[in-house]
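# need a 3D model of the following:
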Amino acid sequence: MKLKSLLFFSSLILLFTISCNQDDISFDSPSRELRFSRDTVFCDTVYQQIRSETYAVKVFNNEDKDVMIPRIHLEKGASSLYRINVDGKPGYDFQNVPLRKKDSLYIFVEIAPQASGPEAIAEDRVLFTTGAAQQHVTLFSVVQDAEFFIQTPTNPNVISNNTTWTNNKAKIIYGNLTINPNVSLDIEEGTKVYFHKNSGMKVSAGAYLNINGTLNKEVVLRGDRNDTYYDTIPRNWNSIKMAEGSTLNMNHARLFGGKRGLDMKQVTANISNSFIHTFQEYGIYAIRSNINASNLVMNNCGESCVGIYKGGMYDFTHSTIVNYSQIMNQFPRNALFVTNEYKNESGQTELGSLHLNLKNSIFYSDRDNSVTFEQVPGQLFNFTIQNSLLKYSGISAAGFNFDSSMDVIQSYKNQDPKFINYFTAKMNLRVKADSPARNKGDLAVANSVPTDIVGVSRTSNPTLGAYQ
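Reported below is the predicted structural model:
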């Protein structure tokens, strides 16, 4: 009986205390402006009917009193493309929102719009009406109309006829999209192709992938997370895997952010005026392929920007292939790795002959060495390095003698190219006016690629690399 009485009186005391605490709270109108964790929310690019990720804004009460915010609402009201959640409650208009002194509350923002064209801007504001002032946080997003290619158990996600993609809609790929044998996919200027996590493209034997960007309307192939944060992070998608006998023609394209970029086995590829960067393993992984590349810019790949296996035929002209990274320091990060060998799926070693030409180009990194050759005795390993600038740490690491090889012609080692900004957040791989790469190109080579990656003439005093 005593225990029951004690519990009863304890409960009364607790209820009395809670009641008194609630009664003691009085909320006044704010007399000072609220403070926000950010004044603009830039939402990731979103696609029609696909809800964005959720973004948070923190609202701070810096006053020494509890305040009641009279109104928090979306300026466009119920017609807004955005929805907000204020301190745990969803909606678009909130009245009398309490905020304790020196405390804060969260406002969560998301957007799930209907797109009315290929690309549009969705903008709204969260308005805060207080006694002190009317304040706002701007909401901003790019909205794209999109066409989806989704692989499921009942949909193999195959292109079975010659197809052209235009820039009227973004292309979103879930799973693998396969181009059937002897079929062409033409991707026209300005088209944006987005790959969901663990997705990719497969180009079958005899198929053609033609990426036809232009200087001011490049084709973009990347992961489907469009926040700029993801521009410098790999593994957002898998790769473009090209089977034996397939063909790639790529001009004015930007390919980035996956595990591997171009994964090619005995493929013919012509690559020009393009950017390939930020891959977990390789930007270009080539097995006994035939690649002709000019005005190619590459950076930020874990194993190597270019990895060549089992030989093949390769020409890199006026290319800037470097490897700088702030997030993949544990990897080798070559600019170029070349070997006659290849281990197939059965673990057997296959060998092949190599013909490699590096002309008027830059191969550099923040490692001691940027180019590694592994020459297999008895296998043809022909290479020419002409009028190029390399990071080179010696024959034991690089696999060739820079100083005495007859195959190294009028080239330069370990001279800082002086890039304007080599990290991928900016990635301006133009060289400064006092760069040792200036005016060092062979003129006959430059005349074979008479304009640089942005259309500037290089027919006199050619600079090494993709930029004049």
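# make sure Asn62 is actually in contact with Lys102.
Yes: counting by C-beta atoms under 8 Å, Asn62 touches Lys102, with 7.1 Å between them. Yep, even glycine has a C-beta here, placed from its N, CA and C like the rest.
# ok, and the closest non-adjacent residue to Gln360?
Just to correct that, residue 360 is Asn rather than Gln. Distances taken as C-beta to C-beta, 6 or more residues apart in numbering place Gly441 nearest to Asn360, at 4.1 Å, with adjacent residues excluded.
# looks like the one you found contacts Arg458 (just checking).
Yes: using C-beta under 8 Å, Gly441 is in contact with Arg458, at 7.1 Å.
# among these two, which residue is more densely surrounded?
A count of neighbours by other C-beta atoms under 10 Å puts Gly441 above the other of Gly441 and Arg458, at 26 against 21.
# so who does the residue nearest to Asn360 touch?
Contact analysis of Gly441 by C-beta atoms under 8 Å, 6 or more residues apart in numbering lists His318, Asn360, Asn387, Arg458, Pro462, Thr463, Leu464.
# residue ranges with poor pLDDT in the stretch 101-250 of the chain?
For the stretch 101-250 of the chain, the stretches flagged by pLDDT under 70 are 113-118.
# next SSE downstream of the strand or helix carrying Gly283?
Under DSSP states H and E, the secondary-structure element containing Gly283 is strand 282-301. Downstream of strand 282-301, the next assigned helix or strand under DSSP H and E is strand 304-317.
# now for that next one, which elements pack on it?
strand 282-301, strand 320-323, strand 334-339, strand 341-343, strand 349-351, strand 354-359 (3 or more C-beta pairs under 8 Å, 6 or more residues apart in numbering; DSSP states H and E).
# wait, which of those strands is closest to Ala397?
Ala397 lies closest to strand 334-339 among the helices and strands packed on strand 304-317, at 10.2 Å (C-beta to C-beta).
# direction included, what does the closest one pair up with?
strand 304-317 (parallel), strand 371-374 (parallel) (DSSP bridges).
# could you point out the helix or strand that follows the last one?
To tie it back to what came earlier, the one meant is strand 371-374. Later in the chain than strand 371-374, the nearest helix or strand by DSSP H and E is strand 381-386.
# list the buried residues in that following strand.
Residues Phe381, Phe383, Thr384, Ile385, Gln386 are the ones in strand 381-386 that count as buried (16 or more other C-beta atoms under 10 Å).
# tell me what that strand is packed against?
Looks like strand 381-386 contacts strand 354-359, strand 408-409 (3+ C-beta pairs under 8 Å, 6+ apart).
# and those strands, which is most packed in?
Highest mean neighbour count among the helices and strands packed on strand 381-386 (mean count of other C-beta atoms under 10 Å): strand 354-359, with a mean of 21.
# with just CA atoms, put it into PDB.
Provided in PDB are the C-alpha atoms of strand 354-359 (Å, rounded to 0.1, in the frame of the first residue of the first chain):
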ATOM      1  CA  LEU A 354      52.300  -3.400 -79.900                       C
ATOM      2  CA  HIS A 355      52.500  -0.200 -82.000                       C
ATOM      3  CA  LEU A 356      52.200   3.000 -80.000                       C
ATOM      4  CA  ASN A 357      52.700   6.600 -81.100                       C
ATOM      5  CA  LEU A 358      52.700   9.500 -78.600                       C
ATOM      6  CA  LYS A 359      53.000  12.800 -80.400                       C
END
